[in-house]
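Engineer: coords please:
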Amino acid sequence: MSMREDFTSELKVAMKAGDKVRVGAIRMITAALKDKDIEARGLGKTVSDDDILALLQKMVKSRQESLEIYEKAGRDDLAQQESGEIAVIRSFLPEPLDDSAVEAAIAAAIAETGAASIKDMGKVVAALKAKYAGRMDFAKASAGVKAKLNAA
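Structural biologist: Numbering: from 1, shown residues only. Predicted coordinates for the structure are as follows:
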């Protein structure tokens, strides 16, 4: 079952259950996905499940930033809404890798690509993205790759 089908079936379940937060979040995901489809169509491409995972990660990151702002501003109502949306979006993401697994993945990617210097950083990050889409924060992973390659 594709991720798109997951969204459709989960939306139906949430609507039947009267879960307004989940319905709203899933509709928001499908709207973002339609935008991504339109963008890809203009480039003559299609949106893969890996692209969808990357989109979901971006959506979580964006909501986490908003959540922090709302909490600092004392807007508990909006913070609660963001938290609910984050939980729904994360329910569609695979289990993230822990720090030690990310370290191991970086070491393996460096070995697989034969990276020897910081010039090879792009190859290593691309290998990680291909293998671990939706399972790690690539901003943090990039920093880890950079540190390992600088130490080499």
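
Engineer: per-residue pLDDT, the residue nearest the centre of the chain?
Structural biologist: The C-alpha lying nearest the average C-alpha coordinate of the chain belongs to Q57 (C-alpha atoms, centre = their mean; 1.8 Å). For Q57, the pLDDT comes out at 87.

Engineer: Can you tell me the closest non-neighbouring residue to it?
Structural biologist: Using C-beta to C-beta, 6 or more residues apart in numbering and skipping the chain neighbours, the partner closest in space to Q57 is G134 (6.1 Å). C-beta: built from backbone N, CA, C; applies to glycine.

Engineer: now M15
Structural biologist: Counting by C-beta to C-beta, 6+ apart, the residue nearest M15 is V23, at 5.6 Å.

Engineer: wouldn't the one you found be in contact with L11 here?
Structural biologist: Yes. In this structure, V23 is within contact of L11 by C-beta atoms under 8 Å, at 6.6 Å.

Engineer: domains in the chain, as residue ranges please.
Structural biologist: With domains defined by automatic domain parsing, the chain comprises 3-90, 99-151.

Engineer: weakest of these in terms of mean pLDDT?
Structural biologist: Across the domains of the chain, the lowest-scoring stretch is domain 99-151, with a mean of 83.

Engineer: Okay, now that one: how far is its last residue from its first?
Structural biologist: 19 Å (C-alpha to C-alpha, to the nearest Å).

Engineer: Stretch 112-126 now?
Structural biologist: 12 Å.

Engineer: For that stretch, which outside residues touch it?
Structural biologist: 106, 109-110, 127, 138, 141-142, 145-146, 149-150, 152 (C-beta atoms under 8 Å, 6 or more residues apart in numbering).

Engineer: now do stretch 141-152
Structural biologist: Taking C-beta under 8 Å, 6+ apart as the rule, stretch 141-152 contacts 102-103, 105-107, 109-110, 115-118, 120-121, 124-125, 128.

Engineer: buried ones in it?
Structural biologist: Residues of stretch 141-152 classed as buried by neighbour count (16 or more other C-beta atoms under 10 Å): 141-142, 144-145, 148-149.

Engineer: any idea where the helices of the protein begin and end?
Structural biologist: 3-17, 20-42, 49-72, 76-90, 99-113, 121-132, 138-151 (DSSP state H).
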